[in-house]
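Enquirer: Provided below for reference: sequence and predicted model.
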Amino acid sequence: MIEPSDKVKRIWKTVVAVPKGKVASYGQIADLAGLPGRARLVGKALGLAPKEMAIPWYRILRSNGQLAFEKGSENALRQKGFLQDEAVVVLNNRVKLDQFGWQPNLADILMKLEF
DNA sequence: GTATTGACTTCAT
DNA sequence: AATGAAGCCAATA
């Protein structure tokens, strides 16, 4: 049976755990997913994620707060729209991590990731 | 088996 | 701030 690797599934689960109105970086997701150093794999996993799965891929961005896509690209605009729907301010293809960066606490992790 | 790629990150210019 | 190189490691070719 062909299915995504466990790592990819872990990534998805972690991404889903990102609260609405917040954003996280690829490296952060990888770290929380138990895959430190696999930031790039996170991006790949999100690309593989089917639309049917409610995966908020748009809440994931680069470590510096910039969208992972080039400004003006279709995906970047789409991501921007989704984020704005969640009250996240996106300016010049960037989000202020100081304001919207997700800082997971122990409770969040225990509740949504571990178990 | 090796080589290249990638929705990344960090350090150095 | 912008650009480049090196590091990183699973997935692809």
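Expert: Good, I have the coordinates. Numbers count the residues shown, from 1 in each chain, chains lettered A, B, ... in the order given.
Enquirer: which parts of chain A are helices?
Expert: A:6-16, A:26-32, A:39-48, A:74-85, A:97-100, A:106-112 (DSSP state H).
Enquirer: relative to helix A:6-16, how tilted is the third one?
Expert: Between helix A:39-48 and helix A:6-16, the angle formed by their directions is 80 degrees, by axes from the mean of the first three to the mean of the last three Cα atoms, to 10 degrees.
Enquirer: and for helix A:39-48, what's in contact with it?
Expert: The contact list for helix A:39-48 (Cβ atoms under 8 Å, 6 or more residues apart in numbering) reads A:4, A:7-8, A:11-12, A:15, A:25-27, A:29-30, A:33, A:35, A:55, A:57, A:60, A:63, A:68. For glycine as for every other residue, the C-beta is placed from the backbone atoms N, C-alpha and C.
Enquirer: then the fourth one?
Expert: Helix A:74-85 is contacted by residues A:23, A:56-59, A:61, A:67-70, A:90, A:93, A:95 when judged by Cβ under 8 Å, 6+ apart.
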